[in-house]
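Peer 1: take this sequence and fold it.
(2 chains)
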Protein chains: 2
Amino acid sequence: MSKHERIVMIGAGNVGSHLSKRFFEMGNPPVQVFSRKISKAKQLAKVVGAAPCNQLSDLFKDATIYILAIHDGAIGAVAEQLAIHLPEDALVVHTSGATPITVIKKHFKNYGSFYPLQTFSLQRAADFSTIPLLYDAPRKALRNRLQTLAKLICPNTYYITDKERATLHVAAVFVNNFTNQLFHIGDTILEDHHLSLDILRPLIKETIAKVANNRPYDMQTGPAKRGDEKTIQQHMDFLKKYPEYASIYALLSKDIRKTHS
Amino acid sequence: MSKHERIVMIGAGNVGSHLSKRFFEMGNPPVQVFSRKISKAKQLAKVVGAAPCNQLSDLFKDATIYILAIHDGAIGAVAEQLAIHLPEDALVVHTSGATPITVIKKHFKNYGSFYPLQTFSLQRAADFSTIPLLYDAPRKALRNRLQTLAKLICPNTYYITDKERATLHVAAVFVNNFTNQLFHIGDTILEDHHLSLDILRPLIKETIAKVANNRPYDMQTGPAKRGDEKTIQQHMDFLKKYPEYASIYALLSKDIRKTHS
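Peer 2: Residues are numbered from 1 along each chain as shown, chains lettered A, B, ... in the order given. Predicted coordinates:
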């Protein structure tokens, strides 16, 4: 049986909202939700039945875990301020892929990370049944508590160190953020020419289906892989009106050539 | 009812193989398969019950359509040689995304394109029920014939001009070839650090699921979108040992910043 945690969610953005709702669904909702904007705190708090708050001094002192679901750059500063208001043995974790847990160590002795490796958007429901939840803490007892909390909301949990999490985060930027930007580029080019991304959706779907069971290296096709300089030149000519896209095309084509040479 | 075509497939690579097999499945197999390598011609010909051949002079003269499923750069030269061997009213089409149909016009009066917009790999079955088949020809009667042949193997057929097809092909390189290379980069970084791409597969899946019903622009997340310079700098530091990947990271991050500024 999982031990009930008294959760305070600090942050009501994409990650804070999705985590709060999932904790609520699984029967352990946050007791309090903090956001600098009280309207955002109230909106989320209402959904999950928590108390809203927009002052760190108003945070409950008796929660068992404080989850910092805030911008990476703000974690250190907020942890420092939290130290003024919370007991020194409070458990404080962050949800960042890129931030070492030691950023919190300076201010609390019980610290860690609780990182759902997914791209969240407020418009889309999150499917926690497939999301990997990566946790870390400096001591086994804390890791066990975080694992229990992680298991409550995700079947796939991993104990992942700072260094491993940072590596996964870099790779995640490539496979998610950059991939999405390539889709945006395709979308922009097609829209400018009165064509729809819909024609390419089967191709996008297959691009992903192919790597579900194969190494991406083995699945590469196209002019750069074939060394088809004539087609590459035609594409570069086409892209003259999109200088940024031309640079991206040239660089990625070069990298594909090098990978398959 | 679709009129039966006597198809000669010129090329036994990814596209030629998948098209031939699909024509076979749908009851109109090619009557002859050409490849410079007789072993490849024989291998495919055997599967689809066609005659193999590796000399252009041995091509049947009485086929109703000759499909050039060969490298973009070879289409002009092969069409020129075909003109020596085939009747001048033969219908000759290519399967290229990037090549104008006029490359064939110099040699035949009946010409066109027959382009399945998909990334084919010999190892993977192709799902023609979702693949868009783009066709073009200079006259309505020919287009009708190509549409009939296209409909035989694909529910989704589009009459697409040279210029539109070239635009779609550039966009396809971004959403498929380059996306796949980003997956390869993620895979390489993780493997170097004894981590598996498997942890990122739910993220990859969601990246695609998000754009099924949304514009990619609206789905962007991550450090570049947020303007999180500290994380970007950490990632650039991490990537010092991968100079090519660092360049790609910098360029795509810059483009995301510009897109969302």
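Peer 1: any weak-confidence spans in chain A?
Peer 2: By pLDDT under 70, the low-scoring segments of chain A are A:1-3.
Peer 1: helices of that one, start to end?
Peer 2: In chain order, chain A shows helices spanning A:14-25, A:38-48, A:75-85, A:102-105, A:140-153, A:162-172, A:179-192, A:201-212, A:216-219, A:223-226, A:229-238, A:243-259, with DSSP state H as the criterion.
Peer 1: tell me how far the fourth one lies from the chain's centre.
Peer 2: A distance of 20 Å separates the C-alpha centroid of helix A:102-105 from that of its chain, computed with C-alpha atoms, centre = their mean, to the nearest Å.
Peer 1: I'd like to know which elements that helix is packed against.
Peer 2: Helices and strands touching helix A:102-105, as assessed by 3 or more C-beta pairs under 8 Å, 6 or more residues apart in numbering or on different chains; DSSP states H and E, comprise helix A:75-85, strand A:91-94, strand A:110-116. Placement of C-beta: from N, CA and C, glycine included.
Peer 1: who are the neighbours in contact with residue A:223?
Peer 2: When the contact criterion is C-beta atoms under 8 Å, 6 or more residues apart in numbering or on different chains, the partners of residue A:223 are A:231, A:232, A:235, A:253, B:72, B:98, B:173, B:177.
Peer 1: re the thing from before, deepest-packed of the helices and strands packed on helix A:102-105, please.
Peer 2: Mean neighbour count, computed with mean count of other C-beta atoms under 10 Å in any protein chain shown, is highest for strand A:91-94 among the helices and strands packed on helix A:102-105, reaching a mean of 26.
Peer 1: quick one: strands adjacent to that strand?
Peer 2: strand A:65-68 (parallel), strand A:110-116 (parallel) (DSSP bridges).
Peer 1: tell me what angle the last one forms with helix A:75-85.
Peer 2: Angle, strand A:110-116 to helix A:75-85, by axes from the mean of the first three to the mean of the last three C-alpha atoms, to 10 degrees: 130 degrees.
Peer 1: which one of the helices of chain A lies nearest to residue B:86?
Peer 2: Proximity of the helices of chain A to residue B:86 was assessed by C-beta to C-beta; the nearest stretch is helix A:229-238, lying at 24.4 Å.
Peer 1: quick one: terminal-to-terminal distance for stretch A:66-82?
Peer 2: 10 Å (C-alpha to C-alpha, to the nearest Å).
Peer 1: distance from it to the middle of the chain?
Peer 2: Between the mean C-alpha location of stretch A:66-82 and the chain-wide mean there is a distance of 16 Å, by C-alpha atoms, centre = their mean.
Peer 1: dump the strands paired with strand A:91-94 into JSON lines; add distance to residue A:38 as well.
Peer 2: Formatted as JSON lines, the strands paired with strand A:91-94 follow (distance: least, C-beta to C-beta, whole Å):
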{"stretch": "strand A:65-68", "distance to residue A:38": "18"}
{"stretch": "strand A:110-116", "distance to residue A:38": "25"}
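Peer 1: residue A:154 contacts residue A:115, correct?
Peer 2: No - Residue A:154 is not in contact with residue A:115 according to C-beta atoms under 8 Å; the separation is 10.9 Å.
Peer 1: find the residues that touch each one of these two.
Peer 2: Taking C-beta under 8 Å, 6+ apart as the criterion, residue A:154 and residue A:115 both touch residue A:133.
Peer 1: dump the residue contacts of the residue located most distally from the centre of chain A.
Peer 2: Here chain A reaches farthest from its C-alpha mean at residue A:230, the gap being 39.6 Å by C-alpha atoms, centre = their mean. With contact taken as C-beta under 8 Å, 6+ apart, residue A:230 is in contact with B:72, B:73.
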